[in-house]
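[1] Show me the folded form of this:
(one chain, ligands or ions: 1)
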Amino acid sequence: MKYLILVGDGMGDYPIAELDGKTVLEVASTPTMDELCSKGEFFLNHTVPDGFPPGSDVANMSLMGYDPALYYTGRAPLEAVSMGISLASDEIAFRCNLVTLDRNDNGRITMRDFSAGHISSEESRQIIDTLETECSTRQFHFKPGISYRHLMIFKGTHPGITTVPPHDYIEQDVTLHYQNYLALPEWQHLLERSEAILAGHPVNLQRIKEGKNPATHFWLWGEGKMVNAPTLKERFQISGSMISAVDLLKGLGIVADLSVIDVDGATGDIHTNYEGKAQAAMDALADQDFVFVHLEAPDEAGHQGSLPDKILAIEDFDARIVRPIIQHLRDQREDFRVVVTMDHFTPLSLRTHVSDPVPTLLYDSREQIPGSGQLFCEKSCIEYDKRQHNAITRGYTMIDKLLERK
Ligand SMILES: [Zn+2]
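    Below you'll find the predicted structure:
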């Protein structure tokens, strides 16, 4: 028996006026998901527990069968794992974005760009290396990642301030959030010194000359301590693979002790290597029991507010990931159980995540249940779920259902 979880990140959405009140999932052509849904179970899954932010970290942790209340410490520790960084028990990993902040005449600070113009990895590595050389202390260390996404490892007790994701504050006043750090002497020193260094950094001077946003500051958020969680093998005696372009998912895969497969050309956007990811899943299933395939593109389109891209990303997910994998398993006459779902909604109208329970289909190739007879979309799931009097599934228990452990 093979088990699969196929995730279109952020696919869920709300009714859209220009689609005559339909959602993107209703409008997008998704024949394979519709077929599996009509013949399988269909239910709502509460991937973001009450009291948690609706992040991909929390939601995908639930999909992987980990109760966020027990295991979620923050986003950055998962990224640290994927970068091969192990945290000591007295260390906290912070996500460290390179950002562009504006200081206004009245002293207020505005978030111009959460990504410093999607600065390249080559440029940002020079900046992070300079910060590590000039500003690191026994307590603070900078670790280079990709593009604007880096880590800062802090040794000590949590500074007790609330951090916020910079992409939620585009063009907004972030003065208070920035000033939080200035109340702590060693943090104040770090911030002021780094600001002066970044202002004169050759990479930034060149970017300004080219009309690009410079990395005026680093922005810390998503912090947490090391994750201690049992592997999927320990819990369910299964081996498997994680296929994703995103560091966070790769980190989750490592925590779960899955084989983390790097697919050439997997970019996290609508130009990703769909065929490569599908092939990697089929190859993995040749000798493993479980595969988790994650597609970032619908979420990215949601954040950009692009309706055409979101439709395309969902149609490509269906036609170029779900369809070939299912067809392959059928050709191989392999028994399988597959969940097709999303981690959370990323409504185009909001351009950020929300924590609504997500439509989830569970199909068993042995077709032992009557089947829902439904199309795969939010409305049909909500109505069907209500008619069935299903209690909304608690996110992290979904894997028990998939693996027939309860
Ligand atoms: Zn997500």
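[2] what's the burial count for Val227?
    Val227 has 20 neighbouring residues, counting by other C-beta atoms under 10 Å. Just so you know, the C-beta spots here come from the backbone N, C-alpha and C atoms, and that holds for glycine as well.
[3] isn't it right up against Ala76?
    No: taking contacts as C-beta atoms under 8 Å, Val227 lies outside contact range of Ala76: 10.5 Å.
[4] Setting the sequence-adjacent residues aside, check what's closest to the residue in the stretch 51-200 of the chain that the ion sits nearest to.
    Residue nearest to the ion within the stretch 51-200 of the chain: Ser56 (3.0 Å; C-beta to the ion). Distances taken as C-beta to C-beta, 6 or more residues apart in numbering place Asp343 nearest to Ser56, at 5.5 Å, with adjacent residues excluded.
[5] The one you found: how many residues sit nearby?
    Asp343 - counted by other C-beta under 10 Å - has 30 other residues nearby.
[6] can you pull the contacts of it?
    Taking C-beta atoms under 8 Å, 6 or more residues apart in numbering, we find Asp343 in contact with Val7, Asp9, Gly10, Thr47, Ser56, Ala59, Asn60, Ser62, Leu63, Val358.
[7] which ones are touching the third one?
    For Gly10, the residues meeting the contact criterion (C-beta under 8 Å, 6+ apart) are Ser56, Pro298, Asp299, Glu300, Gly302, His303, Met342, Asp343, His344, Phe345, Thr346, His353.
[8] Give me the buried subset of those.
    Buried members of the contacts of Gly10, counted by 16 or more other C-beta atoms under 10 Å: Ser56, Pro298, Asp299, Glu300, Gly302, His303, Met342, Asp343, His344, Phe345, Thr346, His353.
[9] Please confirm that Met61 is located within a helix.
    Yes: the assignment for Met61 is a helix, going by DSSP: H, G, I helix; E, B strand; the rest coil.
[10] Can you tell me, leaving aside adjacent residues, what's nearest to it?
    Pro68 (5.4 Å).
[11] What segments of the stretch 101-250 of the chain are strands?
    109-113, 140-146, 149-155, 217-224, 240-243 (DSSP state E, counting those that start in this stretch).
[12] List just the nearest of the contacts of Gly10 to the ion.
    Distances from the ion to the contacts of Gly10, taken by C-beta to the ion, are shortest for Ser56, at 3.0 Å.
[13] what's the distance between that closest one and Pro31?
    Note on Ser56: its distance to Pro31, by C-beta to C-beta, to the nearest Å, is 27 Å.
[14] quick one: which two of the contacts of Asp343 are the most distant?
    Gly10 and Ser62 (14.7 Å; C-beta to C-beta).
[15] Look at the residue nearest to Pro324 when sequence neighbours are not counted and tell me its secondary structure.
    Nearest residue to Pro324, sequence neighbours excluded (C-beta to C-beta, 6+ apart): Ala278, at 4.5 Å. Classification of Ala278 using three-state DSSP returns helix.
[16] How many residues are close by Ser38?
    17.
[17] can I get the contacts of Gly10 in TSV with secondary structure?
    Shown next, in TSV, are the contacts of Gly10 (three-state DSSP):
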residue	secondary structure
Ser56	helix
Pro298	helix
Asp299	helix
Glu300	helix
Gly302	helix
His303	helix
Met342	coil
Asp343	coil
His344	coil
Phe345	strand
Thr346	coil
His353	coil
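[18] Could you dump those into TSV and include distance to Phe154?
    Supplementary listing: those in TSV, determined by distance: C-beta to C-beta, whole Å:
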residue	distance to Phe154
Ser56	23
Pro298	34
Asp299	28
Glu300	29
Gly302	32
His303	28
Met342	33
Asp343	28
His344	28
Phe345	33
Thr346	30
His353	26
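[19] List just the nearest of the residues you listed to Gly268.
    For those, the nearest to Gly268 is Glu300 (6.5 Å; C-beta to C-beta).
[20] quick one, what contacts the nearest residue to the closest one once chain neighbours are set aside?
    When the adjacent residues along the chain are set aside, Glu300 lies closest to Asp269, with 5.3 Å between them (C-beta to C-beta, 6+ apart). Each residue near Asp269 by C-beta under 8 Å, 6+ apart is listed here: Glu296, Ala297, Glu300.
[21] again with Leu249
    Here Leu249 is in contact with Ser56, Asn60, Met242, Phe292, His294 (criterion: C-beta under 8 Å, 6+ apart).
[22] Apart from its neighbours in sequence, what residue is nearest the second one?
    Nearest non-adjacent residue to Asn60, counting by C-beta to C-beta, 6+ apart: Asp343, 5.0 Å away.
[23] Now do the phi/psi pair for the one you found.
    Main-chain dihedrals, Asp343, degrees, to the nearest 10: phi -80, psi -40.
[24] quick one: it from Gly395, how far?
    Per C-beta to C-beta, Asp343 is found 9 Å from Gly395.
[25] what do these two both touch?
    Between them, Asp343 and Gly395 share the contacting residues Thr47, Ala59, Ser62, Leu63, judged by C-beta under 8 Å, 6+ apart.
[26] if I read this right, Val27 contacts Glu18, doesn't it?
    No: using C-beta under 8 Å, Val27 is not in contact with Glu18, being 10.1 Å away.
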